[in-house]
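K.L.:
can't give you the sequence, but here's the structure:
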């Protein structure tokens, strides 16, 4: 039942931000999971990593010593190391549209497959906002990240004759 274990692990790894808890957080801090999407329901059997996207917001005031998105990677890297992940790419600046974020990439062997995790972090209006993408390959994670955008909505298509 390695596939079941991998599916469960995918769900657990994507929820890592939710489990960070004491990794730098003050007492009484509140974490808000804004979005958690999975390829299949967590725990459902499958032969692949359960791809996921998790969006979390935490109050910057709940963290001591964190002033920039790069600083937030201290707790992320500590937790990922505890969970057996290795760093693939150190935290580095990226842009998505006009937004500046910091990205770090991690991997972990899960039986015959490798779990890939990329976290993108920004600080906005007093909140640390993290986007975590989990997949079974670099391409899969890149495709998930490629769907992330910020800004105004595209205009509605015009209906001819109206």
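P.N.:
Yep, that arrived. All values reported here derive from a predicted model rather than from experimental measurement.
K.L.:
so which residue is smack in the middle of this structure?
P.N.:
Per CA atoms, centre = their mean, the C-alpha nearest to the average position across the chain is that of residue 132, at 0.6 Å.
K.L.:
quickly find the element holding that residue.
P.N.:
For residue 132, the element it lies in under DSSP states H and E is strand 127-135.
K.L.:
before we move on, what about residue 81?
P.N.:
Here residue 81 is assigned to helix 69-82, by DSSP H and E.
K.L.:
thinking again about what came up before, show me what the strand holding residue 132 pairs with in its sheet, parallel or antiparallel.
P.N.:
Partners of strand 127-135 in the sheet, by DSSP bridges, are strand 52-59 (antiparallel), strand 113-124 (antiparallel).
K.L.:
quick one: buried residues of the first one?
P.N.:
Okay, so that is strand 52-59. Across strand 52-59, burial judged by 16 or more other CB atoms under 10 Å covers 52, 53, 54, 55, 56, 57, 58. C-beta: built from backbone N, CA, C; applies to glycine.
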